[in-house]
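# Show me the folded form of this:
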Amino acid sequence: MTYYINYPSTMSSTTYTVSNPIAATATSNISWNGSTLIDNTDIKPASLEVHGNANFKGDLTLQGKSLKESLEKIEERLAILHPNEELEEKWENLRGLRKMYMELEAEIIEKEKMWAILKK
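Numbers count the residues shown, from 1 in each chain. Down below sits the predicted model:
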């Protein structure tokens, strides 16, 4: 049997209304003064499912690892640049350096592909 509890948001009163069922999802076996209020063994562990975009103001942790920190380390290791387009609009030299970098990067990638083919 499953029971749900409905209580005021202030939590100042010690009297609460228990009715069957109001509707809610809760953790199983919650006790209040030694009495079990909810006993539903079919409840699944907490999970989050998102359909569409999601914005988070904080960091995400996946199995104890910070997702933000991991991405920053990956970008640093791969030398991923984040161009400042405002400055590039003002400074021709900066825009030129970025263009030169991208051309050199493409050339190196092509050479590495050729070496990989020749080594086979």
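# what are the phi and psi angles of Leu62?
phi -120, psi 110 (degrees, to the nearest 10).
# burial of it, as a residue count?
Per other C-beta atoms under 10 Å, the neighbour tally for Leu62 reads 8. Using the backbone N, CA and C atoms, a C-beta is placed for each residue, glycine as well.
# How about Glu88?
Glu88: 16 neighbours (other C-beta under 10 Å).
# Equivalent analysis for Lys119, please.
Lys119: 6 neighbours (other C-beta under 10 Å).
# Ala79 now?
Using other C-beta under 10 Å, Ala79 has 8 other residues around it.
# So which residues of the protein form helices?
67-77, 85-90, 92-119 (DSSP state H).
# buried ones in the shortest one?
This points to helix 85-90. By 16 or more other C-beta atoms under 10 Å, the buried positions in helix 85-90 come out as Glu88.
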